[in-house]
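Novice: Build me a model:
(2 chains)
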Protein chains: 2
Amino acid sequence: MEFAADAFLPGPRAFLPGAPGGPLAGLSFAAKDLFDVAGHRTGGGNPDWAATHPVPQAHAWAVERLLAAGANLAGKTITCEISLGILGFNPFHGTPPNPAAPGCLPGGSSSGSASAVAAGLCDLALGTDSGGSVRVPASLCGLYGLRPSLGRVSLEGVCRQAPSFDTVGWFARDAKTFGRAAEVLLGETLPQATASRVLAAEDAFALADAAVAEALAPAVSRLGALFGGATTISLAEPGELEIWGTQRNIVQRAEAWATFKDWIDAVNPRFGYSVARNLAVASMITAEQIELACVVRRRAVERARVLLEDGAILCMPTTPFTAPPVGLPLAELDRLAGRIGVLTSFAGLAGLPQLSLPLGMVAGKPVGLSIIGWRGSDARLAAIAQALQ
Amino acid sequence: MEFAADAFLPGPRAFLPGAPGGPLAGLSFAAKDLFDVAGHRTGGGNPDWAATHPVPQAHAWAVERLLAAGANLAGKTITCEISLGILGFNPFHGTPPNPAAPGCLPGGSSSGSASAVAAGLCDLALGTDSGGSVRVPASLCGLYGLRPSLGRVSLEGVCRQAPSFDTVGWFARDAKTFGRAAEVLLGETLPQATASRVLAAEDAFALADAAVAEALAPAVSRLGALFGGATTISLAEPGELEIWGTQRNIVQRAEAWATFKDWIDAVNPRFGYSVARNLAVASMITAEQIELACVVRRRAVERARVLLEDGAILCMPTTPFTAPPVGLPLAELDRLAGRIGVLTSFAGLAGLPQLSLPLGMVAGKPVGLSIIGWRGSDARLAAIAQALQ
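Specialist: Reported below is the predicted structural model:
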């Protein structure tokens, strides 16, 4: 039941001019429909969410920040339902097109934001990323897209999902524009592009399609060349990244269930089957399962500290494949989402910033190379992106 | 997200005149939107079911039969999504009103059919009953409603759910009209109203609200008086009816999952949360669980044989309470559905006919007394209903 749609929500466009003369003057941006825009309903990608929440009276912090910096709001974009979905389909609003891979899924949950930027409908777009919702559409649509360090960008006025994973990120088509928005949203001037070491996670590359790993190899070399060469390392023990994927799912879904359960109990809302199913599975997660998953999380945090705290940059494929075609059966979509989750879990578990760079192409479709740094290195990642472009 | 709706589907009404001069001439009927009416889409209460199934070219057997007998088709009625739901809400088409209990749920899944008959919009209506979908709305809307013996009425042209439970039933406001339809749909003249014994299931009455049991007591006495007195018995051992409820759920849901899984995989359809959740739970039922439940089912069949094969009639409350108000939270709806399922499971597990009679009132709201006979006693139940009225 995927049907093609615009990247923007149907109906009257939420248009607001930015403040005159700011650092982003002349740029336009879109906001995922999880961000409050005063006077416009925050729909969350679901008709029953829209119908049961009041019209916000204030802008979300990030929307306000971009408007104050002079960017014009072009509209609100389609999102997967209440941010749950990694491939970008939405049975209520339709699946935004992937301008970089026609006939293919855009990735999600910030599907419309990536679609709008990739189509050139705006220069920047706000998204959220809990389990990969900025990184994945950035990779599949050929964009720069950052999942910031946990807590780095204010979530005020944004629908939450899983508090220990939720972040506000953004997309741009080029590193320069991306960096201009980074200075505004991070509130700091971009530093020098530095890295104590460049690490290539061979176990992560091994989980990607061979053509993807091959397509990203030149970018890894260029990245290494900037900082004295890339070192191949294993992010974890054999088979462990898959476990990080399943255990990240446990913690994130349990948090999502805690976020949404009262609303679900009160409203019994409509959902696409896969979203409802995942929530139903989440509702059955036990305290013992969560405790176990948290131990695995500590292991990922410790690996991050060992590898990255000294200023190293880790690189890996953002997604293990390029954009899948529209219209696949659910079992196949689930399999693909599972493979994606294995690669997105490290930064989510450890609260790290991860920036996807559009530096690979396979058979005419883009795929992203991710650079990951220690917590707080967000602006440095943006600077490295500019140095690489 | 319950919103009030008409009993009929929105849009152009499926109207067809019956054949002239038949035994049902002058009567009108409605068909639940699980029944094929040639030239009209069978929507199954779900927009994605409707969109992914072709317009039928032939009438369902029961629709054809009633038309041939002279009844006029007044339209198609709202159903719970793909027949899954016992309380009667539908987030896509709205919740049909309960004319007998304003502001309350009509019961389901044959919600619109019961609503239409109770409102006097037609004389008869077709429904389906797998887990109680005719019996429950009959009880809550104050109607005569039969779940026939398994296999007694053809299911040709009807959306299936759980093959070892699915039946085609119907509603009427009075026993006379109910019996006229029974002769047509069962294809036999109503026999004498006879019963070798009348058994009142005290364990089933004990599971109903005290006011319900009290309200039905005079009807039990009248039923007993017709056939030499009512004998109080226990249908099962203490606590066993609840187990029949849970194990009937296992078998029925596993069958429903087998029915719908390929469609769900292909379409990833939208559902109300509770429907999707129940399907997701069904998808996790193991073969071992089903084998265990089938042993419990054999026990229920054996109890039915011992109690009913000699021509006895068993009576019990159809539902343990009157119609619940619209707008309850999901946890409460689940609790109520669970209590209903304990009482509806016996006939479903054993393939028995069960006729709900509108013979009780509690605080102005109706509640049904059920009479249950051995397999094939359908017409006799209709005759007993006439003798009682």
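
Novice: how about the strands in the stretch 1-150 of chain A?
Specialist: A:28-32, A:72-77, A:124-128, A:144-147 (DSSP state E, counting those that start in this stretch).

Novice: name the helices or strands packed onto the third one?
Specialist: Counting by 3 or more Cβ pairs under 8 Å, 6 or more residues apart in numbering or on different chains; DSSP states H and E, the packing neighbours recorded for strand A:124-128 are strand A:28-32, helix A:61-68, helix A:111-118, strand A:168-172, helix A:175-186. (Each C-beta comes from the backbone N, C-alpha and C, glycine too.)

Novice: Just the buried residues of the longest one, please?
Specialist: Of the residues in helix A:175-186, those buried under the neighbour-count criterion (16 or more other Cβ atoms under 10 Å in any protein chain shown) are A:Ala175, A:Thr177, A:Phe178, A:Gly179, A:Arg180, A:Ala181, A:Ala182, A:Glu183, A:Val184, A:Leu185, A:Leu186.

Novice: That one - contacts with which helices or strands?
Specialist: Applying 3+ Cβ pairs under 8 Å, 6+ apart, one finds that helix A:175-186 makes contact with helix A:61-68, strand A:124-128, strand A:144-147, strand A:168-172, helix A:378-388.

Novice: A:Gln200 contacts A:Thr231, correct?
Specialist: Just so we're on the same page, residue A:200 is Ala rather than Gln. Yes: using Cβ atoms under 8 Å, A:Ala200 is in contact with A:Thr231, at 7.0 Å.

Novice: which of the two has more neighbours?
Specialist: Remark: of A:Ala200 and A:Thr231, A:Ala200 carries more neighbours, 23 against 11, as counted by other Cβ atoms under 10 Å in any protein chain shown.

Novice: in the sheet, who's paired with the more buried one?
Specialist: Bridge pairing for A:Ala200 (DSSP bridges) gives the partners A:Thr232, A:Cys315.

Novice: Domains in chain A, by residue range?
Specialist: The record's domain split for chain A, according to automatic domain parsing, is A:28-186, A:198-241+A:286-388.

Novice: In chain A, which residue sits nearest chain B?
Specialist: Here chain A gets closest to chain B at one residue, A:Ala276, 3.2 Å apart by Cβ to the nearest Cβ.

Novice: winner for burial among the domains of chain A?
Specialist: With neighbours defined as mean count of other Cβ atoms under 10 Å in any protein chain shown, the domains of chain A peak in mean count at domain A:28-186, which reaches a mean of 25.

Novice: now that domain: how far from the chain's centre is it?
Specialist: Taking Cα atoms, centre = their mean, to the nearest Å, one finds the center of domain A:28-186 at 9 Å from the center of the full chain.

Novice: what about A:Gly368, helix or strand, and which?
Specialist: strand A:365-372 (DSSP states H and E).

Novice: for the stretch 201-350 of chain A, which spans come out with low pLDDT?
Specialist: Within the stretch 201-350 of chain A, no stretch falls below the threshold (pLDDT under 70).

Novice: returning to what we had before: what's the closest of the helices and strands packed on strand A:124-128 to B:Met316?
Specialist: helix A:111-118 (52.3 Å; Cβ to Cβ).

Novice: Does that closest one reach chain B?
Specialist: No: on the criterion Cβ under 8 Å from any Cβ of the partner chain, helix A:111-118 is out of touch with chain B, staying 15.1 Å away.

Novice: coming back round to it: export the buried residues of helix A:175-186 to a markdown table and tack on pLDDT?
Specialist: A markdown table is the format used below for these (pLDDT from 0 to 100):
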| residue | pLDDT |
| --- | --- |
| A:Ala175 | 98 |
| A:Thr177 | 98 |
| A:Phe178 | 98 |
| A:Gly179 | 98 |
| A:Arg180 | 98 |
| A:Ala181 | 98 |
| A:Ala182 | 98 |
| A:Glu183 | 98 |
| A:Val184 | 98 |
| A:Leu185 | 98 |
| A:Leu186 | 98 |
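
Novice: Within range of chain B, give me the residues from the stretch 251-389 of chain A.
Specialist: A:264-274, A:276-277, A:279-281, A:283, A:329-331, A:333.

Novice: what about burial for those residues, which qualify?
Specialist: With burial judged by 16+ other Cβ under 10 Å, the buried subset of these is A:264-265, A:267-274, A:276-277, A:279-281, A:283, A:330, A:333.

Novice: Restricted to helices, list the residues you listed.
Specialist: Per DSSP state H, helices hold the following members of those: A:264-265, A:267, A:273-274, A:276-277, A:279-281, A:283, A:330, A:333.

Novice: and which of these is nearest A:Val306?
Specialist: Taking Cβ to Cβ as the measure, A:Val306 lies nearest A:Val281 of those, at 32.9 Å.

Novice: check contacts around the closest one.
Specialist: The neighbourhood of A:Val281, defined by Cβ atoms under 8 Å, 6 or more residues apart in numbering or on different chains, consists of A:Arg253, B:Ala280.

Novice: Against A:Val275, how distant is it?
Specialist: Look at A:Val281 and A:Val275: by Cβ to Cβ, to the nearest Å, they are 11 Å apart.
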